[in-house]
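K.L.:
everything below, folded, please.
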Amino acid sequence: MADDTEDCSFSRQPLQRSGIHDKHPTHEQTKAKQCPENEDIPQNLTLASLPSIYLRLSKAKLTGLVAMSALCGYGMAPGELDLMVCFLMSLGTFMSSCSANAFNQIFEVPYDSQMARTKRRVLVTGLLSRVHAISFASIIGISGILILTSYVNLLAAIISATTWGLYVTTYTPLKRVCIGNTWIGAVVGALPPMIGWAGRTGSLDAGAFIMAGFLFTWQFPHFNALSWNLRSDYSKAGYRMMATRNPDLCQSVAFRHCLFIIVLSFLAPYFNLTTWPFALFSLPLNFTFAYLAWCFYKQADGKTATYLFKFSLLHLPLLMIMLLISKKNLPVAKVFENI
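P.N.:
Just a heads-up that it's a prediction; the model follows:
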């Protein structure tokens, strides 16, 4: 995804236009400047605490969303359902995403220490060493790609590896360079359904790209609303986001992509991904999303951004469920088709 969905607490502080620092602390300085509120975090690493620490390092909620997106792609693809392949595809995708998110945290320790929502991350607080984190991220990432290559298929593995590469080597450093990082992040978030589709069919067709399109367009209202209320944090850490660099663009892009979701909802039945009733039944959900984005576009503030962000968390799973039950040639879909 474009950014850290699991860290979604909002800061209501006004944007500090001059708050972007030219100098950032080193990793050693970061550890020396621990916040008082972090002093209650145990610094003794135990075997029992490792699983929870690894999940925090892997951004478990975001990784879970990635795996669910891949599952939706697998579910929407044509072909025979193989539960073992489906499980291994999900596992490989989950592990690859864990690795990408871990490397993201490894690279951003000096900047995470300056943001209220990230200053309690495991590397910032010293729960794990950098070497330990790199070892974990490397082993789980390689293992995930090997699972996809050996037990799913090569195409699914290639797409997963591409997702990892874009997130770690392009999106992560680009966040400090230009606002184009949001589009790269949206591409990263759009690829998991294609992993699932490829895992079931061994190929990609129009349906795979429509599924990816839904994820790509959804991320703009979701992340732009999230970043609006975190502008002060992003500015302090030196991240270049639409919300801080071009607020008008941030608002218009969010609304524009909500309209694109409506278009995609009509393209889905046109390309035989779903039955035609899906386009009709999804309209109330999509229009509500677009209305909230319109309110954000007309008057962006903490209230409209919060409403849009919270509804985005409801919109995506509901849309995915509607897609799955409206899938072409699915028995339940034929019931709706006869209405």
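
K.L.:
surely Arg130 meets Val122?
P.N.:
No: shown here, Arg130 and Val122 do not form a contact pair, counting by CB atoms under 8 Å, at 11.1 Å. C-beta coordinates here come from the backbone N, C-alpha and C atoms, glycine included.

K.L.:
who has more neighbours out of those two?
P.N.:
Using other CB atoms under 10 Å as the criterion, Arg130 and Val122 rank with Val122 on top: 21 against 11.

K.L.:
which residues touch the nearest residue to Gly180 once chain neighbours are set aside?
P.N.:
Distances taken as CB to CB, 6 or more residues apart in numbering place Leu174 nearest to Gly180, at 6.5 Å, with adjacent residues excluded. Taking CB atoms under 8 Å, 6 or more residues apart in numbering, we find Leu174 in contact with Gly180, Asn181, Ile184.

K.L.:
check Tyr239 too.
P.N.:
Per CB under 8 Å, 6+ apart, neighbours of Tyr239: Tyr111, Lys175, Arg176.

K.L.:
the same query, at a cut-off of 10 Å, please.
P.N.:
3, 20, 108, 111, 114-115, 175-177, 179, 181, 227, 230-231, 233, 245 (CB atoms under 10 Å, 6 or more residues apart in numbering).

K.L.:
likewise for Phe296?
P.N.:
221, 224-225, 228, 250-252, 254-255, 258, 303-309.

K.L.:
repeat that with 6 Å
P.N.:
By CB atoms under 6 Å, 6 or more residues apart in numbering, Phe296 lies in contact with Gln251, Ala254, Thr304, Leu308.

K.L.:
now those residues in TSV, with distance to Ala70, neighbour count and secondary structure?
P.N.:
What follows is these, written out as TSV (distance: CB to CB, whole Å; neighbours: other CB atoms under 10 Å; DSSP: H, G, I helix; E, B strand; the rest coil):
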residue	distance to Ala70	neighbour count	secondary structure
Gln251	31	24	helix
Ala254	25	29	helix
Thr304	32	20	helix
Leu308	26	28	helix
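
K.L.:
list just the nearest of these to Pro192.
P.N.:
Relative to Pro192, the closest of those is Ala254; by CB to CB it sits at 21.6 Å.

K.L.:
quick one: low-confidence parts of the stretch 151-300 of the chain?
P.N.:
Along the stretch 151-300 of the chain, no part satisfies pLDDT under 70.

K.L.:
show me where it has helices.
P.N.:
154-165, 172-174, 181-190, 192-201, 206-228, 231-237, 242-245, 247-270, 277-281, 283-298 (DSSP state H, counting those that start in this stretch).

K.L.:
and the second one, how far out from the chain's middle?
P.N.:
Pointing back at helix 172-174 there. Its chain's C-alpha centre and that of helix 172-174 lie 15 Å apart, by CA atoms, centre = their mean, to the nearest Å.

K.L.:
contact partners for Cys86?
P.N.:
Listed by CB under 6 Å, 6+ apart, the contact set of Cys86 reads Tyr74.

K.L.:
where's it, which helix or strand?
P.N.:
Element membership for Cys86, per DSSP states H and E: helix 83-107.

K.L.:
and that helix, average pLDDT?
P.N.:
Predicted confidence along helix 83-107 averages 97 (mean pLDDT).

K.L.:
what comes up buried for that helix?
P.N.:
85-86, 88-107 (16 or more other CB atoms under 10 Å).

K.L.:
one more: stretch 304-314?
P.N.:
Quick answer for stretch 304-314 (16+ other CB under 10 Å): Thr304, Ala305, Thr306, Tyr307, Leu308, Phe309, Phe311, Ser312.

K.L.:
could you list which of these belong to helices?
P.N.:
Of the positions in the buried residues of stretch 304-314, Thr304, Ala305, Thr306, Tyr307, Leu308, Phe309, Phe311, Ser312 sit in helices, assigned by DSSP state H.

K.L.:
and the spatially closest residue to the last one that is not a sequence neighbour, how many neighbours does it have?
P.N.:
The spatially closest residue to Ser312, leaving aside those adjacent along the chain, is His222, at 3.9 Å (CB to CB, 6+ apart). Using other CB under 10 Å, the number of residues around His222 comes to 27.

K.L.:
what separation do you get for His222 and Phe107?
P.N.:
Separation of His222 from Phe107 (CB to CB, to the nearest Å): 23 Å.

K.L.:
ok, Tyr297 next?
P.N.:
Using CB to CB, Tyr297 is found at 33 Å from Phe107.

K.L.:
closest to Val168 out of the contacts of Phe296?
P.N.:
For the contacts of Phe296, the nearest to Val168 is Ala254 (26.1 Å; CB to CB).

K.L.:
quick one: the closest one and Phe223 touch, right?
P.N.:
No: taking contacts as CB atoms under 6 Å, Ala254 lies outside contact range of Phe223: 8.6 Å.

K.L.:
what distance do you get for Lys328 to Ser58?
P.N.:
35 Å.

K.L.:
the two: which is more packed in?
P.N.:
Ser58 (24 against 19).

K.L.:
contact partners for the closest residue to the more buried one other than its chain neighbours?
P.N.:
With CB to CB, 6+ apart as the measure, Cys98 is the residue that lies nearest to Ser58, at 3.7 Å, once sequence neighbours are left out. Residues in contact with Cys98 (CB under 6 Å, 6+ apart) are Ser58, Thr63, Ile140.
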